[in-house]
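In: kindly return the folded structure for what I paste below:
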Amino acid sequence: MTSKDTILKVEHLSMRFGGLMAINDFSFEAKRGEITALIGPNGAGKTTVFNCITGFYKPTMGMISLHQKSGKEYLLERLPDFMITREAKVARTFQNIRLFSGLTVLENLLVAQHNKLMKASGYTILGLLGSPLYKREAKKAIETAAHWLERADLIDRADDPAGDLPYGAQRRLEIARAMCTGPELLCLDEPAAGLNPKESLALNTLLRSIRDEGTSLLLIEHDMSVVMEISDHVVVLEYGQKISDGTPDHVKNDPKVIAAYLGVDDEEVTEVIAEVESLDGGAKA
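Out: Numbering: from 1, shown residues only. All right, here's what the predicted structure looks like:
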């Protein structure tokens, strides 16, 4: 049974850019072994939250704690970005795909294991001499890459340039590359963006399998069909503040969420709900 303790805790997070408060006193928790989705209208501050968690930004205020299975705790806002990946075991993909398009599919996954290979090589000399340690680590790296190529249904394309893959396959490759770092928390920025229904289905299958094998996921996503199908927990942002937090069913029926996505004022929420309910009633009839 997967433990449902907290892996990520964000407390009173605020991020100011000059006179703009992009995130304002934002708090939430992500449970271990779950898929947590961070959603909201364009400009709500979702990517800013991701950038604070993964070290691209240092928040103006607040605490971000990562709790590993081993019991170690890391305060992410205090760590350099490379240590968030290497020590805290947080991996990330981006909204815009960032593969090494000129390298092969396999080489992209080996690059993700660069730190371990460099350490085993003695930072070059042991690798040049073909030391047993380096050979063992190189073999492990290839085995890990092959495992994730199988999982991402890309093993037949291992020797092809990554840039030659279809868009959906590139998305899966980027996720496989992140998984080669051995993360405890995988952060995905709009993984379903630009995918057709068949590609979205393949993505959903991959993400659920990653969760079921013990890696926790935090994702930003605009495709509500993906969010509602695979998420265990949904957090909603609007103008940098949390407006809802709960199960997918709770969130999709929250009047504040409906109002935010339809772009209406708070005083119009009751009217919006009444209209939605009347439409639902008509559909059932």
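In: quick one: the helices in the stretch 151-285 of the chain?
Out: Per DSSP state H, counting those that start in this stretch, the stretch 151-285 of the chain carries helices over the ranges 167-179, 197-212, 224-230, 248-252, 255-262, 269-284.
In: of these, flag the one that's most buried.
Out: Across these, averaging neighbours per residue (mean count of other Cβ atoms under 10 Å) puts helix 167-179 on top, at a mean of 22. From N, CA and C alone the C-beta is placed, and that goes for glycine too.
In: and the angle from it to helix 197-212?
Out: 10 degrees (axes from the mean of the first three to the mean of the last three Cα atoms, to 10 degrees).
In: which strands and helices sit next to helix 167-179?
Out: Here helix 167-179 touches strand 90-92, helix 105-111, helix 132-151, strand 185-189, helix 197-212, going by 3 or more Cβ pairs under 8 Å, 6 or more residues apart in numbering; DSSP states H and E.
In: residue ranges of the strands in the stretch 1-150 of the chain, please?
Out: 6-17, 20-31, 35-39, 61-67, 73-75, 90-92 (DSSP state E, counting those that start in this stretch).
In: which strands and helices sit next to the first one?
Out: To tie it back to what came earlier, the one meant is strand 6-17. Using 3+ Cβ pairs under 8 Å, 6+ apart, strand 6-17 is in contact with strand 20-31, helix 46-53, strand 61-67, strand 216-220.
In: how about the second one?
Out: Contacting strand 20-31 under the criterion 3+ Cβ pairs under 8 Å, 6+ apart are the following elements: strand 6-17, helix 46-53, strand 216-220, strand 233-238, strand 241-246.
In: can you rerun that using 7 Å?
Out: Taking 3 or more Cβ pairs under 7 Å, 6 or more residues apart in numbering; DSSP states H and E as contact, the helices and strands that strand 20-31 lies on are strand 6-17, helix 46-53, strand 241-246.
In: what sits up against the first one?
Out: Same thing as strand 6-17. 21-32, 48-49, 52, 57, 59-67, 184-185, 216, 218 (Cβ atoms under 7 Å, 6 or more residues apart in numbering).
In: return the members of the residues you listed classed as buried.
Out: Among the contacts of strand 6-17, those classed as buried by 16 or more other Cβ atoms under 10 Å are 21-24, 26, 28-32, 48-49, 52, 57, 59, 62, 64-67, 184-185, 216, 218.
In: circling back: of all the helices and strands packed on strand 6-17, which one is nearest A112?
Out: strand 216-220 (17.3 Å; Cβ to Cβ).
In: ok and the closest one relative to helix 46-53, angle-wise?
Out: Going by the same axes, to 10 degrees, strand 216-220 makes 140 degrees with helix 46-53.
In: please state the offset of strand 216-220 from the chain centre?
Out: 4 Å (Cα atoms, centre = their mean, to the nearest Å).
In: same thing with stretch 230-239?
Out: 13 Å.
In: which stretches of this structure aren't confidently modelled?
Out: 1-4, 115-134, 262-285 (pLDDT under 70).
In: rerun that using 90 as the cut-off
Out: Across the chain, the ranges flagged by pLDDT under 90 are 1-4, 42-43, 94-98, 111-139, 141, 222-225, 252, 255-256, 258-285.
In: returning to that earlier point: would you list the helices and strands packed on helix 167-179 in JSON lines and tack on distance to Y74?
Out: As requested, the helices and strands packed on helix 167-179 are exported to JSON lines (distance: least, Cβ to Cβ, whole Å):
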{"stretch": "strand 90-92", "distance to Y74": "9"}
{"stretch": "helix 105-111", "distance to Y74": "24"}
{"stretch": "helix 132-151", "distance to Y74": "23"}
{"stretch": "strand 185-189", "distance to Y74": "11"}
{"stretch": "helix 197-212", "distance to Y74": "21"}
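In: tell me which of these sits nearest to G168.
Out: Closest to G168 of those is helix 197-212 (Cβ to Cβ; 3.1 Å).
In: packing partners of the closest one?
Out: helix 167-179, strand 216-220, helix 224-230.
In: make TSV out of those and add distance to I97.
Out: Below are these laid out as TSV (distance: least, Cβ to Cβ, whole Å):
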stretch	distance to I97
helix 167-179	5
strand 216-220	15
helix 224-230	17
